[in-house]
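J.: how would this look folded up:
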Amino acid sequence: MNPLDRSRKDGADRAGKYQRGDYQGHYQVLDPSLLGRPVHLLPKFARRFADALGTAMAGPGGRRYWGSWRLANLAFERAPDEDGLRWLGVAGPLGTAAVAFERSLLLDLLEGRYGRKGKPASAPGAPRDPSLERVTATEERLAATLTAQLVEQLHARVAEGLAAVGVEVPGADAAVVEAPCATSAPGKAGWVIRMTLATHGEQQSHCWIGLDQELMAYVLQGLKEERSSVRTARAGNDGLSSGLFVKLDGRLVSKETTLGALFELKVGDIIPVSVGRADVLLDESRLFTAAVAEHKGKLCLTSFEDAE
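T.: Next up, the predicted model:
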């Protein structure tokens, strides 16, 4: 086989793999349970929650418990796969939340408040090993207090979001009164809020807030109603919005190349492209961007956002 035939055969093999779906891993697999839910707006809720938490932690009452630790980042993600975390659950008017702290964070907070009296001295600069220190009643009380504070702030922000869009939930404004108690870790498919905390010395630690299905549904409901109210305000009372049909085109990829390279293309050649967010066009006017996902062997567009 001459080199030209070999290159064409390799190109055909690669093209065949692409057609059979061997490159499906390049696309995000779509979770059907999230269809129609504004998960792409979760960062907006996270920013509101972070602003409220940052203010509370920096206040006199917050500094009493959090010391020099400050909120550096807050984001939604899937539940962490860490067996060593101890979760405390708190039931509230909108659902149940569970909180877990890195052990090193709790020990540092205790040390900042009470020092290390009676603790074995470690070599200067040696890293602290939390597994060598027993869990005390004081540490458990601190974890319970911080858990209640975080969950109360979370419920307040969810209730605030629901009230802003006119959704009434009986008891949504009630304070969280149940004491935290030990609970199981959230499932791998559950949503958690990861808080990244930092000190002035750039030391970092984390804690997580897990939301059960009921509480997460209220978070998304507030965001969905907020999005719907914005769209309704845009549409106004114009009857065209419900009676006029339009055709939208999705542009998945685009690539610039030279005219010479275009003329040199042969059957079986592979053109490398990267798939990011797709453009959604109306008569060549870019209206939205959307995420490309795979669902039951088909490519779909989801998580629409207005084009800037």
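
J.: Give me the phi and psi for T196.
T.: Main-chain torsions, T196, degrees, to the nearest 10: phi -100, psi 120.

J.: Tell me the confidence at it?
T.: Per-residue confidence (pLDDT) for T196: 95.

J.: State the phi and psi torsions of the residue lying closest to it once chain neighbours are set aside.
T.: Leaving aside its sequence neighbours, T196 sits nearest to N73 (Cβ to Cβ, 6 or more residues apart in numbering; 4.1 Å). C-beta: built from backbone N, CA, C; applies to glycine. Main-chain torsions, N73, degrees, to the nearest 10: phi -160, psi 150.

J.: got the contact list for N73?
T.: N73 sits next to A50, R194, M195, T196 when contact means Cβ atoms under 8 Å, 6 or more residues apart in numbering.

J.: Looking at those, which is nearest V158?
T.: A50 (14.2 Å; Cβ to Cβ).

J.: what bits of this structure have low per-residue confidence?
T.: 1-36, 116-128, 172-177, 225-244, 308 (pLDDT under 70).

J.: Let me see the ranges of the strands in it.
T.: Here the chain has its strands, by DSSP state E, at 28-29, 70-78, 87-92, 95-101, 181-183, 191-198, 204-211, 249-251, 278-282, 285-295, 298-306.

J.: Mind putting those strands into TSV with distance to P170?
T.: Formatted as TSV, the strands of the chain follow (distance: least, Cβ to Cβ, whole Å):
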stretch	distance to P170
strand 28-29	37
strand 70-78	26
strand 87-92	13
strand 95-101	13
strand 181-183	24
strand 191-198	24
strand 204-211	20
strand 249-251	42
strand 278-282	39
strand 285-295	36
strand 298-306	32
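
J.: Looking at the ones you listed, spot the one closest to A156.
T.: For A156, the closest of the strands of the chain is strand 87-92, at 9.8 Å, according to Cβ to Cβ.

J.: Quick check: which helices or strands does the closest one pack against?
T.: Packing contacts for strand 87-92, counted by 3 or more Cβ pairs under 8 Å, 6 or more residues apart in numbering; DSSP states H and E, involve strand 95-101, helix 137-164, strand 181-183.

J.: So D279 sits against G250, correct?
T.: Yes. Counting by Cβ atoms under 8 Å, D279 sits close enough to G250 to count as a contact (7.3 Å).

J.: quick one, which of these two is more surrounded?
T.: For D279 versus G250, the count of surrounding residues by other Cβ atoms under 10 Å is larger for D279: 17 against 14.

J.: how about the nearest residue to Q221, chain neighbours excluded?
T.: Distance criterion Cβ to Cβ, 6+ apart; nearest residue to Q221, sequence neighbours excluded, is V167 at 6.2 Å.

J.: burial count for the one you found?
T.: 16.

J.: From G201, how far off is it?
T.: Counting by Cβ to Cβ, to the nearest Å, the gap from V167 to G201 is 43 Å.

J.: and what of A137?
T.: Distance, A137 to G201, by Cβ to Cβ: 29 Å.

J.: For the most centrally placed residue in the chain, list each beta-bridge partner.
T.: Nearest to the mean C-alpha position of the chain, by Cα atoms, centre = their mean, lies F76 at 2.6 Å. For F76, the beta-bridge partners under DSSP bridges are I193.

J.: Specify the beta-bridge partners of V292.
T.: Beta-bridge partners for V292, by DSSP bridges, are L301.

J.: contacting residues around it?
T.: Taking Cβ under 8 Å, 6+ apart, we find V292 in contact with Y27, Q28, L252, V275, G276, R277, A278, L299, C300, L301.

J.: Hmm, the fourth one is touching S254, no?
T.: The reference is to V275. No. Counting by Cβ under 8 Å, S254 is not a contact partner of V275; they are 10.8 Å apart.

J.: For these two, indicate the residue with more neighbours.
T.: Applying other Cβ under 10 Å to V275 and S254 shows that V275 carries more neighbours, namely 14 against 7.

J.: Excluding chain neighbours, give the residue nearest to the more buried one in space.
T.: Per Cβ to Cβ, 6+ apart, closest to V275 is V292, 5.4 Å.

J.: Relative to L154, how far out is that neighbour?
T.: Counting by Cβ to Cβ, the gap from V292 to L154 is 32 Å.

J.: Mind giving me the PyMOL command for buried ones among the contacts of N73?
T.: Selecting only the buried members of the contacts of N73 in PyMOL, with burial defined as 16 or more other Cβ atoms under 10 Å, works like this:
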select buried, resi 50+194+195
